[in-house]
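K.L.:
sequence and predicted structure are below.
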Amino acid sequence: MKCLTLKQPLADLVVDGKKTVELRKWNTTFRGEFLVHASKEIDLDVCRRLDIDPASLVTGAVVGSATVVGVKVYGSGREVDADAKLHMVAGCRQYSDARFGFILGSPRKFARPVPMDGWLRFFDVDKGLVKEAERSSAAALLRRGERGRVKSAARA
């Protein structure tokens with residue numbers, strides 16, 4: 001299965017369904033589900049802009065999954081700025097030269113992050129990692145008494 005590393009808090013924003021476009025300098029032909037890995041690095045500028053406590057963020061772990069449903073090619077910085085509510089990094093210098101927006105859907109946050117190292121671009125991980133995350137998500141739901149959701153969490 002594919003995996004993509006994002007800095008925090010962007011990884012959490014993706015799996016929470018709040019960030020629906022991931023900006024990159026490079027394009028991809030990949031479409032489909034991927035794991036969202038939170039890097040060990042936290043983007044403090046984004047945390048400040050969005051009033052997120054960096055101490056609350058998980059780093060160095062897979063925190064969930066999402067799906068790439070398409071790619072938007074940006075012709076100008078003005079076009080990137082127009083999608084600010086979708087990518088959530090407007091005004092952050094390190095994202096100002098992004099030319100591609102991966103359009104994301106089907107976000108899912110894992111109940112328990114799975115620690116692992118990240119990598120650049122999309123990279124492959126063992127499908128066993130997904131099964132481990134699904135088992136731990138289902139077990140966490142059971143512990144919280146959410147038995148009705150366990151079946152769908154284990155299959156999702």
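P.N.:
Now that the structure is in, tell me what you want to look at.
K.L.:
residue ranges for the strands of the protein, please.
P.N.:
2-8, 21-24, 32-42, 61-73, 100-115, 123-124 (DSSP state E).
K.L.:
and the spatially closest residue to Gly70 that is not a sequence neighbour, how far is that from Leu86?
P.N.:
In space, and not counting its chain neighbours, Gly70 is closest to Ile103: 4.3 Å by CB to CB, 6 or more residues apart in numbering. In short, each C-beta sits where N, CA and C put it, glycine included. Applying CB to CB, to the nearest Å, the value for Ile103 to Leu86 is 8 Å.
K.L.:
what do these two both touch?
P.N.:
Counting by CB atoms under 8 Å, 6 or more residues apart in numbering, the shared contacts of Ile103 and Leu86 are Thr20, Val21.
K.L.:
any idea how far Val21 is from the closest residue in space to Asp43 that isn't next to it in sequence?
P.N.:
Spatial nearest neighbour of Asp43, chain neighbours left out: Lys7 (4.4 Å); criterion: CB to CB, 6+ apart. Using CB to CB, Lys7 is found at 15 Å from Val21.
K.L.:
neighbour count for those two, which is higher?
P.N.:
More neighbours surround Val21 than the other of Lys7 and Val21, with 24 against 21 (other CB atoms under 10 Å).
K.L.:
so where is the protein shaky, pLDDT-wise?
P.N.:
For the chain, applying pLDDT under 70 flags the ranges 90-96, 129-130, 132-156.
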